[in-house]
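A.B. asks: Below are the sequence and a predicted model for it; my questions follow.
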2 protein chains.
Amino acid sequence: MSADPSARRGIPDATVARLPEYLRALTGFAERGITSVSSEELAAAAGVRSAKLRKDLSHLGSYGVRGVGYEVDHLAYQISRELGLTQDWPVAIIGMGNLGHALAAYSGFATRGFRVVALLDQDSHLLGQEIAGITVQPMDALTSLAEQGLAIGVIATPAASAQDVCDQLVAVGVRSILNFAPCVLVVPEDVDVRKVDLSTELQILAFHEQRRALAAEGALEHVTLEPINSAVGR
Amino acid sequence: MSADPSARRGIPDATVARLPEYLRALTGFAERGITSVSSEELAAAAGVRSAKLRKDLSHLGSYGVRGVGYEVDHLAYQISRELGLTQDWPVAIIGMGNLGHALAAYSGFATRGFRVVALLDQDSHLLGQEIAGITVQPMDALTSLAEQGLAIGVIATPAASAQDVCDQLVAVGVRSILNFAPCVLVVPEDVDVRKVDLSTELQILAFHEQRRALAAEGALEHVTLEPINSAVGR
DNA sequence: ACGCTTTTGTGAACGGATGCACAAAGTCAC
DNA sequence: GTGACTTTGTGCATCCGTTCACAAAAGCGT
């Protein structure tokens, strides 16, 4: 039941990690003019089991109608609100190498809820250059950016500079960091770091690929190799 | 104990996901000329607790020496071997937009174990262009690439083309796919898909950021807000 | 108004991952 | 060779997340 929506405290991390996918699926339905979906349909579109979807949604309240399903627009709004996407989050990207360049132009950042307000680099010969309509500024600009309210920092520098840049972000009050550099960042307890690492993902794929190759050779014939579908666990 | 190394079957997914980080940390130690580390030191460098590290390593055998620690080179080799990095995995990147372009040039792919053998795009005006020393080919090239042994496909196309590209990869026998497109891919059971989604990561950060903002307002004063450090769970 | 059908929301069982605490096993000094 | 010290490897308890299965709740047709 959980009739009182203010009773929903502490949504599990695993659930939060899936909410964006549900939201995306709902957006897809809305674009096709579908106004109502069952948990079965939505779960299929999001790549999960319906029981999991229902339990996830139950953590944010009771927005479904038994015997009918969920109203697409309403559920999308509730998830957006829960994720904090009903307001704009100012984002700064630090490090304008190949990756930073691509991130600046990446449409995923233009998704409702996020606004790239600055591109920073310490390399002086990039300064003043315009990328995706935004002028590249020096690292000094961080302080004034923070005063105007900077919520999220994206680190796209080489690993060697990442901790230094991270420290600067934390110093000006940024507590949400998305790290693309292949290294561990040390931060105070109240700072949230998420890491995206291409090399790590490849290595995990290689592990499973090798496992399959060995199994095919018959070297592991006594091993069950069905459960390969490991999804996006993390 | 687990004296018989061939007894280590079925390494937990959570452990596999951390092995690349341990390997990176070990490489760092090796570069600084350190030949031996304790589980405490290695765990700190990898951002985990030592008990977790030891349990993880115990899944691949008993490579430590009690009272001493682990020999850096030897352990790095064992992890590399377990991950399948002692052989080369041919990688193809499909979709040469901003992101694909950055990926082609990204040094993370040049890490030992992976070799970008092809860049593909269906946009005819990109064909023949050279990126990071590799000529962009049309999608037709997939078949001959597969014959030469293609292990991993990286999808960096827009979401609308991703499923189509994925189907083509699966059709030529690729069973490991890294998907950067913001969509769910439908694949046969024996195909392994890992997804990297910038927008999802941002939304997860936004959730925690909002949670902190609400807590600061006092709206959630009865809530424990200590456990914000959610690490790289996924 | 009533019973039939559909689908949600959730209690309970299960399984996997994490953290603790310690015995086992090795090194090193003397 | 012996004893003190260090650090690994792991049994155990706990926690978190997933799955199952079903009762509760809503619509709908008659």
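C.D. replies: Structure's in. What do you need? Numbering: from 1, shown residues only, chains lettered A, B, ... in the order given.

A.B. asks: going forward, measure contacts between C-alpha atoms and count neighbours the same way
C.D. replies: Fine.

A.B. asks: shaky segments in chain A?
C.D. replies: Scanning chain A for pLDDT under 70 picks out A:1-9, A:218-234.

A.B. asks: Let's see that with 90 instead.
C.D. replies: For chain A, residues meeting the criterion pLDDT under 90 lie at A:1-10, A:106-113, A:124, A:213-234.

A.B. asks: Do a quick rundown of the strands in it.
C.D. replies: With DSSP state E, the ranges of strands along chain A come out as A:36-37, A:64-65, A:69-71, A:89-94, A:114-120, A:130-131, A:134-137, A:152-155, A:176-179, A:192-195.

A.B. asks: Using CSV, lay out those together with mean neighbour count and distance to chain B.
C.D. replies: Shown next, in CSV, are the strands of chain A (neighbours: other C-alpha atoms under 10 Å in any protein chain shown; distance: least, C-alpha to the nearest C-alpha, whole Å):
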stretch, mean neighbour count, distance to chain B
strand A:36-37, 18, 18
strand A:64-65, 15, 22
strand A:69-71, 18, 20
strand A:89-94, 24, 7
strand A:114-120, 20, 8
strand A:130-131, 14, 12
strand A:134-137, 18, 16
strand A:152-155, 26, 8
strand A:176-179, 24, 6
strand A:192-195, 22, 6
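
A.B. asks: Present those strands as CSV; the columns should include distance to B:F207.
C.D. replies: Compiled in CSV, these are given as follows (distance: least, C-alpha to C-alpha, whole Å):
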stretch, distance to B:F207
strand A:36-37, 25
strand A:64-65, 22
strand A:69-71, 22
strand A:89-94, 11
strand A:114-120, 12
strand A:130-131, 28
strand A:134-137, 26
strand A:152-155, 12
strand A:176-179, 10
strand A:192-195, 11
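
A.B. asks: any chance of the ones you listed in CSV, plus distance to DNA strand D?
C.D. replies: Output for the strands of chain A, formatted as CSV (distance: least, C-alpha to the nearest atom of the strand, whole Å):
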stretch, distance to DNA strand D
strand A:36-37, 11
strand A:64-65, 5
strand A:69-71, 9
strand A:89-94, 25
strand A:114-120, 25
strand A:130-131, 38
strand A:134-137, 38
strand A:152-155, 23
strand A:176-179, 19
strand A:192-195, 15
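
A.B. asks: Domains of chain A: list them as residue ranges, please.
C.D. replies: A:5-83, A:89-196 (automatic domain parsing).

A.B. asks: Kindly report the residues of chain A close to DNA strand D.
C.D. replies: With C-alpha under 7 Å from any atom of the strand as the criterion, chain A comes near DNA strand D at residues A:12-15, A:48-49, A:51-52, A:55, A:65-68.

A.B. asks: Check those residues for burial and list the buried ones.
C.D. replies: Neighbour counting by 16 or more other C-alpha atoms under 10 Å in any protein chain shown classes A:T15, A:V48 among the residues of chain A next to DNA strand D as buried.

A.B. asks: Mind checking which of the residues of chain A next to DNA strand D land in helices?
C.D. replies: Of the residues of chain A next to DNA strand D, the ones assigned to helices by DSSP state H are A:D13, A:A14, A:T15, A:A51, A:K52, A:K55.

A.B. asks: Now for these: which two are most distant?
C.D. replies: Among these, the pair separated by the greatest distance (C-alpha to C-alpha) is A:D13 and A:A51, at 17.2 Å.

A.B. asks: Which parts of chain A are helices?
C.D. replies: A:13-31, A:39-46, A:50-58, A:72-83, A:98-105, A:142-147, A:159-171, A:198-217.

A.B. asks: out of the ones you listed, nearest to A:G113?
C.D. replies: Among those, the nearest to A:G113 by C-alpha to C-alpha is helix A:72-83 (8.9 Å).

A.B. asks: and that closest one with DNA strand C, contact?
C.D. replies: No. Residues of helix A:72-83 are not located near DNA strand C by C-alpha under 7 Å from any atom of the strand, the shortest gap being 10.1 Å.

A.B. asks: Give me the angle between that helix and helix A:50-58.
C.D. replies: 60 degrees (axes from the mean of the first three to the mean of the last three C-alpha atoms, to 10 degrees).

A.B. asks: Make JSON lines out of the residues of chain A next to DNA strand D and add distance to A:V172.
C.D. replies: JSON lines is the format used below for the residues of chain A next to DNA strand D (distance: C-alpha to C-alpha, whole Å):
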{"residue": "A:P12", "distance to A:V172": "29"}
{"residue": "A:D13", "distance to A:V172": "27"}
{"residue": "A:A14", "distance to A:V172": "30"}
{"residue": "A:T15", "distance to A:V172": "30"}
{"residue": "A:V48", "distance to A:V172": "39"}
{"residue": "A:R49", "distance to A:V172": "42"}
{"residue": "A:A51", "distance to A:V172": "43"}
{"residue": "A:K52", "distance to A:V172": "39"}
{"residue": "A:K55", "distance to A:V172": "38"}
{"residue": "A:V65", "distance to A:V172": "46"}
{"residue": "A:R66", "distance to A:V172": "48"}
{"residue": "A:G67", "distance to A:V172": "51"}
{"residue": "A:V68", "distance to A:V172": "49"}
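
A.B. asks: Get me the contact residues on chain A for DNA strand C.
C.D. replies: So chain A meets DNA strand C at A:1-3, A:37-40, A:51, A:54-55, A:57-59, A:61-70 (C-alpha under 7 Å from any atom of the strand).

A.B. asks: Can you point out the buried residues in stretch A:31-38?
C.D. replies: For stretch A:31-38, burial by neighbour count (16+ other C-alpha under 10 Å) applies to A:S36, A:V37, A:S38.

A.B. asks: Check what contacts it and list those residues.
C.D. replies: The set of residues external to stretch A:31-38 that reach it, using C-alpha atoms under 8 Å, 6 or more residues apart in numbering or on different chains, is A:F29, A:V68, A:G69, A:Y70, A:E71, A:V72, A:D73.

A.B. asks: biggest separation within those residues, which pair?
C.D. replies: Taking C-alpha to C-alpha as the measure, the contacts of stretch A:31-38 span a maximum distance of 15.9 Å, between A:F29 and A:V68.

A.B. asks: Look at the closest residue to A:A132 other than its chain neighbours and say how many residues are nearby.
C.D. replies: Closest residue in space to A:A132, ignoring its immediate chain neighbours: A:A105 at 5.5 Å, by C-alpha to C-alpha, 6 or more residues apart in numbering or on different chains. By other C-alpha atoms under 10 Å in any protein chain shown, 18 other residues sit near A:A105.

A.B. asks: ok, now how distant is A:A105 from B:T200?
C.D. replies: As judged by C-alpha to C-alpha, to the nearest Å, A:A105 and B:T200 stand 17 Å apart.

A.B. asks: Check A:G10 too.
C.D. replies: For A:G10, the distance to B:T200 equals 19 Å [C-alpha to C-alpha].

A.B. asks: out of the two, which sits in the busier spot?
C.D. replies: Each of A:G10 and B:T200 has its neighbours counted (other C-alpha under 10 Å); B:T200 has more, 20 against 13.
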